[in-house]
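In: here is the input, now give the coordinates:
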Amino acid sequence: MTFIAIIYQIQIVRLQEKIFHLENNANQNDRKQQSREELENDDLVVVYNRVPKTGSTSFIGVAYDLCKKNKFHVLHVNITANNHVLSLNNQHEFVHNVTTWKAMKPGIYHGHFAFIDFTKFGGPKPLFINILRKPLERFISYYYFVRYGDNYRPYLVRRKHGNTMSFDECVEKNLPDCDPNHMWLQIPFLCGHAANCWKPGNKWALTEAKKNLVNNYLLVGVTDEINDFVAVLEQTLPRIFKGAFNHYLTSNKSHLRQTVQKDAPSPTTVKKIQESTVWQMENELYEFALDQFHFIKKHTLKDKLQNVMYEKIRPKIN
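Out: Take a look at the predicted model:
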């Protein structure tokens, strides 16, 4: 009986050793697969030319939190005097840096600047992303932001500090600060660096913004659905955004940069603003972006089990 027990014990030890080696090989294969995937995506570059007052600080905060864990870089593009238009030489320099700065790949570049056509300068296109907001909401948020600031940097005195006039009063008095032409921002940000992009009410600019949104942006989300925007990015670009959705939901990133004081506009004010050509065009772009985002979201988040297979490959591989 003792002899039989010893034999069983030896067999159990050998079986445990085999299991250990199998698990170890599986873990090594997983690490190799992960390493291969990282190497294949090490040239990945995302450019986020963020529109002001659209929730961009909340979103980019997630990227900063994940960059060390997911092994990528985040770079803020700071332009003198917050100018949204880059000079031709600076556009060229930016394209060159983004394209050739290998030490910063994979990476996300973000800043308040208009769309830049990389192919115009002979560079490969990065993956552009953006977030749009309902134009009147964004306009009102900015109006109060420059007066009262936000909870992100409450100690910073804004340029209109001390001016307590409400948006309703401003519109009623037809003052420059609430001129609907100042809403002309999301269209030029997606349109780019052509002169017509920055002419309020220009129809060509609206058409060009729509074309760029579809053809040159990987994804354009909306402020009211940032959580879904993050989810789609994680599904599409896990090399950078792995874990981003849960992090956004469980961290405090969704509450960053809220304007300290913001009064809702009266129906009279809303009606007056919505009669302007600029609001109508900006809203048209927003609705276009919303429809496109919902289309992408539907076919990305709801079809996670979708497989793409390659078959009937000829000539046959031996």
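
In: show me where the stretch 151-300 of the chain has strands.
Out: With DSSP state E, counting those that start in this stretch as the definition, the stretch 151-300 of the chain shows strands at residue ranges 217-222.

In: residue ranges with poor pLDDT in it?
Out: 151-162, 253-260 (pLDDT under 70).

In: show me where it has helices.
Out: With DSSP state H, counting those that start in this stretch, the ranges of helices along the stretch 151-300 of the chain come out as 167-172, 186-191, 203-215, 226-236, 238-241, 244-250, 267-274, 277-301.

In: which stretches of the stretch 1-150 of the chain form strands?
Out: 45-49, 73-76, 107-111, 127-132.

In: on that earlier part again, any chance of the helices of the stretch 151-300 of the chain in TSV, plus distance to residue 133?
Out: Every C-beta, even on glycine, is put in place using the N, C-alpha and C of the backbone. Listed next are the helices of the stretch 151-300 of the chain as TSV, based on distance: least, C-beta to C-beta, whole Å:
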stretch	distance to residue 133
helix 167-172	16
helix 186-191	8
helix 203-215	14
helix 226-236	10
helix 238-241	21
helix 244-250	17
helix 267-274	15
helix 277-301	7
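
In: nearest to residue 131 among those would be which one?
Out: Ranking these by proximity to residue 131 (C-beta to C-beta) places helix 226-236 first, at 6.4 Å.

In: which parts of that closest one are buried?
Out: Of the residues in helix 226-236, 226, 228, 229, 230, 231, 232, 233, 234, 236 count as buried by neighbour count, 16 or more other C-beta atoms under 10 Å.

In: angle of it against strand 45-49?
Out: 160 degrees (axes from the mean of the first three to the mean of the last three C-alpha atoms, to 10 degrees).

In: pull the residues that contact helix 226-236.
Out: Residues outside helix 226-236 that contact it (C-beta atoms under 8 Å, 6 or more residues apart in numbering) are 55, 58-59, 62, 129, 131, 218-219, 221-222, 240-245, 248-249, 254, 293, 296-297, 300-301, 304.

In: of those, grab the buried ones for PyMOL.
Out: In PyMOL, selecting the buried portion of the contacts of helix 226-236, with burial taken from 16+ other C-beta under 10 Å, looks like this:
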select buried, resi 55+58+59+62+129+131+218+219+221+222+240+241+244+245+248+254+293+296+297+300
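
In: what's the closest non-adjacent residue to residue 130?
Out: Closest residue to residue 130 apart from its sequence neighbours, by C-beta to C-beta, 6 or more residues apart in numbering: residue 220 at 4.8 Å.

In: quick one: that neighbour and residue 296, what's the gap?
Out: For residue 220, the distance to residue 296 under the criterion C-beta to C-beta, to the nearest Å works out to 9 Å.

In: ok, now residue 69?
Out: Taking C-beta to C-beta as the measure, residue 69 falls 26 Å from residue 296.

In: just to revisit the earlier point, so which of the buried residues of helix 226-236 is the closest to residue 73?
Out: Sorting those by how near they are to residue 73, with C-beta to C-beta, puts residue 233 at the top with 16.5 Å.

In: distance of the closest one relative to residue 244?
Out: Taking C-beta to C-beta, one finds residue 233 at 7 Å from residue 244.
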